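Q: here's a sequence, model it:
(chains A and B)
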There are 2 protein chains.
Amino acid sequence: MGKLQALSLYADFRKDLNYIEKELERSVDSASPIIRQASLQLLHAGGKRIRPIFVLLASEFGPHSLEDITKVAVSLELVHMASLVHDDVIDNSDMRRGLETVKAKWDNRIAMYAGDYIFSRALHSIGEIELPAVHQLLAKTMLEICEGEIIQIEHQRVANQTIRDYLRRIKRKTALLLSSSCELGALASGADATNVRKLSRFGYFAGMSFQITDDILDITSTDKELGKPAGSDLLNGHLTLPILYVKDDPEFLPYMERAFAQTLTETERSAMLSYICNSGAIEKAEAVSDLYLQKALKEISGLPDSKAKKAFRQIAAFIGQRKY
Amino acid sequence: MGKLQALSLYADFRKDLNYIEKELERSVDSASPIIRQASLQLLHAGGKRIRPIFVLLASEFGPHSLEDITKVAVSLELVHMASLVHDDVIDNSDMRRGLETVKAKWDNRIAMYAGDYIFSRALHSIGEIELPAVHQLLAKTMLEICEGEIIQIEHQRVANQTIRDYLRRIKRKTALLLSSSCELGALASGADATNVRKLSRFGYFAGMSFQITDDILDITSTDKELGKPAGSDLLNGHLTLPILYVKDDPEFLPYMERAFAQTLTETERSAMLSYICNSGAIEKAEAVSDLYLQKALKEISGLPDSKAKKAFRQIAAFIGQRKY
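A: Presented below is the predicted three-dimensional model:
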């Protein structure tokens, strides 16, 4: 979310976010130098801290204690980090956010156990919250995310799939953890049940819109903007929403087959990206993303006015406009 | 622990153990056929269910509810199963307990995510227990186990290590989860603090003794008894207690170097195993194992008399005698 940091919400919540950042750093300390280095590198590689932000903002709708909220925020960011480490093992990725991945710098075995360690740290952080509902929701979220990861593998390079398959996949891949960030922040803060529900749904809809936009940008951005080849999703066998709109065109089929077989030349990759951009698929996908964004905004509109509500609106607007 | 099932404790606690087994099976259900199959295969491959047994027996020292205890028992067995799945990814093992591993049958990616899924199921099961101390202890246990796994990799094929390094490693590898099984069973049952502590220490000492025996058997058993080549630990670069007693013998050094380099012939492997068996190293390791066993029995002796206490004694005696 690159420029997200420029939004005014960061001025309003800077102090709390800095506190969370410090605790995040403290949380990954370890007796093993490899784990410590690997975790700190991941942490310093940046990331948008969107999950901590959602936790923090959602907590503003209840009589929260910053200490408890920080434990929840740290936990959710660590769950996210752990899944990134495991995804890098899976994807054979050697670079993430311009830095060597844990897997590349050490090896697959270290990356797998470092991911397990970071997961455990996430549990340790949230373990101090004395609300059973919080633990149950986190466990349920992690379960569905893991199922989603395996279903994503099952769907890889499978041409015969529907938009519904895709939506279910991105729900588990992205929207669930954002929804749970809002819900857990609200629960831990003692917000009332109606607002907890609205915040949870906001996180879900915003997450769906965010991921669809991400999948569009994988096609419409330059290699440089992305830090990886445009069209990577398809090259890795993942059928995203724009692709689903174009995949049955007889002219597109040869591109897809060659992408799956990893025999696509650079010229063909450019031609394929142009084909998608000129097919109307991008506009259709943007319309779906926008639909989710409207739903997100509708949930927000029912919340009491506050700086946090304003910040959630800014984030929604940002998701709707982002071009990188 | 093969013949453990023949002990009379199984008659006294059969009904409860069967209930736990049924819930264990129910717990790994999933929308993904691959996850379901992989988990059920692991479950049916057997295993000793030593963690559920420890949870159940420890819970007898408080006014427990079987329903809560079952959630804890299921959770700990799942943590153990998840770590087996991840260890198979690490070890490149294609067989476990005579069956193909998840990794061999599907692939490394599936195995990693299946492990994550089973971990999440473990959290889900214990998530319903409304005692913060339970969640905190489980998180702490998992943290130390993960750190232990990375330290084990750091120590792999490193000749310069001490008995203390080894003891720390097996603590994290085996003893901690058994100690926590006892402690969590006792905590969840509402046992008093003194007994919780004794049970926790019993699990720890019994676990240390058990793992040392396991490491001895890796050298003294036949390939057939083990279901894998005798001496596998050393072939995989792990220095166990008997090896540590013999590793500085000038006559042994060439064996170790060739084992680490994976250039050991079958004849040399037999000669190496004989060398260790005739060096006195086995007897020294047995003495350490026995010392831990005595400590375990001492903890037990302080507990109130009951069927569970008798069963713990039987298990301790079994660990002391096992030859397979």
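Q: tell me where the stretch 1-150 of chain A has helices.
A: Under the criterion DSSP state H, counting those that start in this stretch, helices of the stretch 1-150 of chain A are mapped to A:9-27, A:33-44, A:50-59, A:66-91, A:102-105, A:108-126, A:132-155.
Q: give me whichever of those helices is most buried.
A: Sort the helices of the stretch 1-150 of chain A by mean neighbour count, taking mean count of other C-beta atoms under 10 Å in any protein chain shown, and helix A:50-59 sits at the top with a mean of 28. Where you see a C-beta, it was placed from the backbone N, CA and C, and this is true even at glycine.
Q: that one - contacts with which helices or strands?
A: Contact partners of helix A:50-59 among helices and strands, from 3 or more C-beta pairs under 8 Å, 6 or more residues apart in numbering or on different chains; DSSP states H and E: helix A:9-27, helix A:66-91, helix A:176-189, helix A:193-220, helix A:307-321.
Q: need those in a markdown table with mean pLDDT, can you?
A: What follows is those, written out as a markdown table (pLDDT from 0 to 100):
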| stretch | mean pLDDT |
| --- | --- |
| helix A:9-27 | 89 |
| helix A:66-91 | 89 |
| helix A:176-189 | 97 |
| helix A:193-220 | 97 |
| helix A:307-321 | 91 |
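Q: for chain B, which of the ones you listed is the nearest?
A: helix A:66-91 (4.8 Å; C-beta to the nearest C-beta).
Q: show me the shaky parts of the stretch 201-324 of chain A.
A: Within the stretch 201-324 of chain A, the segments meeting pLDDT under 70 span A:323-324.
Q: what is the neighbour count of the closest residue to A:Ala175 other than its chain neighbours?
A: Residue nearest to A:Ala175 in three dimensions, not counting chain neighbours: A:Gly207, with 3.2 Å by C-beta to C-beta, 6 or more residues apart in numbering or on different chains. Counted by other C-beta atoms under 10 Å in any protein chain shown, the residues lying close to A:Gly207 total 27.
Q: ok, A:Asn278 next?
A: Using other C-beta under 10 Å, A:Asn278 has 10 neighbouring residues.
Q: which bits of the stretch 151-300 of chain A sit near chain B?
A: By C-beta under 8 Å from any C-beta of the partner chain, the residues of the stretch 151-300 of chain A that approach chain B are A:151, A:153-154.
Q: just give me the closest of those residues to B:Lys307.
A: A:Ile151 (45.7 Å; C-beta to C-beta).
Q: quick check: phi and psi on the closest residue to the closest one other than its chain neighbours?
A: Leaving aside its chain neighbours, A:Ile151 sits nearest to B:Ser32 (5.7 Å; criterion: C-beta to C-beta, 6+ apart). In terms of degrees, to the nearest 10, the main-chain angles of B:Ser32 are phi -90, psi 120.
Q: surely B:Ser32 and A:Ile153 touch.
A: No. Contact status for B:Ser32 versus A:Ile153: not in contact, 9.4 Å apart, counting by C-beta atoms under 8 Å.
Q: quick one: name the residues of the stretch 1-150 of chain A near chain B.
A: Residues of the stretch 1-150 of chain A lying near chain B (C-beta under 8 Å from any C-beta): A:30-32, A:34-35, A:86, A:89-90, A:108-110, A:112-114, A:116-117, A:119-121, A:123-124, A:127-130, A:132, A:135-136, A:138-140, A:142-143, A:145-147, A:149-150.
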